[in-house]
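[1] I'd like to go over a predicted model; first the sequence, then the structure.
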Amino acid sequence: MKKIAFLAVLLPVLVILTLPSWSYGRRGDRSEDNHEHTSRHSSWGAPDSEERRVNPVPADAASLEQGGKLYRTYCAACHGETGRGDGPASANLTPRPANLAHEAGHERDGEVAWKIANGRPPMPAWKNVLTETQIWHVVNYLKSIGTRDDRGRHR
């Protein structure tokens, strides 16, 4: 149990420290609000079989709470507290982290889960860190923040 707690603290720190080395390419002329879009807007899409996967975890209060905790631990450094791609580590990343508050509402659950599990530079793959159930909790959480307005209120 102590090993898991240690890894839960150590891994996010290591990810944040190594993020600049994962960046590739030039930032170019991207503005702060011009985040890279996902599969329907770029080449990063899940395989059809993965995109069609159905989320086996109900999006109930317990799942959203667990997903929120996992998101804050593993994702917020890059994607920001509200999922808008504006986390403290985002400034050094190319491509910029996605605006998940927007993107999650436009993608199927299976596609979001596949992207979390497999990543792509500079985003790490989380499938060897998070269980499949934990990934689905994060998907549920992302879907819930995608239904909030700019003030964090549900629409």
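    Looks like it came in fine.
[2] which SS state does the residue lying closest to K143 once chain neighbours are set aside fall under?
    Nearest non-adjacent residue to K143, counting by CB to CB, 6 or more residues apart in numbering: A104, 5.5 Å away. For glycine as for every other residue, the C-beta is placed from the backbone atoms N, C-alpha and C. Assigned with DSSP: H, G, I helix; E, B strand; the rest coil, A104 falls in the helix class.
[3] got it, and R53?
    Under three-state DSSP, R53 comes out as coil.
[4] got the contact list for it?
    Going by CB atoms under 8 Å, 6 or more residues apart in numbering, R53 touches 109-110, 113-114.
[5] With Y71 instead?
    79, 83, 138, 141-142.
[6] Those into a markdown table, with extra columns for secondary structure, pLDDT and distance to A46?
    Output for those, formatted as a markdown table (DSSP: H, G, I helix; E, B strand; the rest coil; pLDDT from 0 to 100; distance: CB to CB, whole Å):
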| residue | secondary structure | pLDDT | distance to A46 |
| --- | --- | --- | --- |
| H79 | helix | 96 | 18 |
| G83 | coil | 95 | 19 |
| V138 | helix | 98 | 15 |
| Y141 | helix | 97 | 18 |
| L142 | helix | 96 | 14 |
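[7] Which of those residues sits closest to P58?
    Y141 (12.9 Å; CB to CB).
[8] Name the nearest residue to that closest one, ignoring sequence neighbours.
    Closest to Y141 by CB to CB, 6+ apart is G67, at 2.9 Å.
[9] now V112
    V139 (4.8 Å).
[10] thought the one you found was touching W114?
    No. Using CB atoms under 8 Å, V139 makes no contact with W114, being 9.9 Å away.
[11] now, which of the contacts of R53 lie within helices?
    109-110, 113-114 (DSSP state H).
[12] Make sure I145 is actually in contact with L100.
    Yes. With contacts counted by CB under 8 Å, I145 reaches L100, the gap being 6.9 Å.
[13] These two: who's more crowded?
    L100 (28 against 23; other CB atoms under 10 Å).
[14] where in the chain is pLDDT low?
    1-43, 147-155 (pLDDT under 70).
[15] what about the helices in it?
    2-22, 48-51, 61-74, 76-79, 100-103, 109-118, 132-145.
[16] hang on, isn't R120 packed against L93?
    No. Using CB under 8 Å, R120 and L93 do not qualify as a contacting pair, with a distance of 11.8 Å.
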